[in-house]
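Undergrad: Model the following, please.
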Amino acid sequence: MKKVAIVSCGSYMDSGYGCPGEWRCLKAAAMGDGQFYEPSQVIAFVKCECPGRSIAPNVEMAIKLSEIKPDLIYLSSCLVNAKPGCPNKNDENLARIVEEKTGIKVISGTHDYH
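TA: Numbering: from 1, shown residues only. Model prediction:
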């Protein structure tokens, strides 16, 4: 079973848009749905805080505190597919920043649930 970390949009989480209230990312990981091609164990769930400057250090801290290095890091569907999009950073830039800092592959999107 792959160990994964998920990065979600803090603005969505704090605004009550169903993230993580409906727990779709966690369901997709557990079921192996969406971008998770097999059931996966979520070892960290981190929220991106505007304007995204702290995302890499926060992911690193989550990994350090969990004491488990994830095989993959996912940018949540609410972060990747936000409408309107993030005014601070696009998901490609966030993925690049996190990959460069952690050395762990970053996947854009988690699920296709509506």
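Undergrad: Buried residues in the lowest-mean-pLDDT helix or strand in the chain, which are they?
TA: Of all helical and strand segments in the chain, the minimum by mean pLDDT, DSSP states H and E falls on helix 10-15, at a mean of 78. Across helix 10-15, burial judged by 16 or more other Cβ atoms under 10 Å covers 10-13. (Each C-beta comes from the backbone N, C-alpha and C, glycine too.)
Undergrad: any idea which of the residues you listed is closest to residue 86?
TA: Using Cβ to Cβ, residue 11 comes nearest to residue 86 of these, at 8.1 Å.
Undergrad: quick one: the closest one from residue 104, how far?
TA: Separation of residue 11 from residue 104 (Cβ to Cβ, to the nearest Å): 24 Å.
Undergrad: again, but for residue 54
TA: 17 Å.
Undergrad: can you check residue 12 too?
TA: 23 Å.
Undergrad: What are the boundaries of the strands in this structure?
TA: Using DSSP state E, the strands found in the chain span residues 2-9, 40-48, 72-75, 106-108.
Undergrad: Which neighbours in the sheet does the last one have, and how are they oriented?
TA: This means strand 106-108. strand 72-75 (parallel) (DSSP bridges).
Undergrad: quick one, which of the strands of the chain is nearest to residue 66?
TA: Per Cβ to Cβ, nearest to residue 66 of the strands of the chain: strand 40-48, 4.9 Å.
Undergrad: Show me what the closest one is packed against.
TA: With contacts taken as 3 or more Cβ pairs under 8 Å, 6 or more residues apart in numbering; DSSP states H and E, strand 40-48 sits against strand 2-9, helix 10-15, helix 24-31, helix 55-66.
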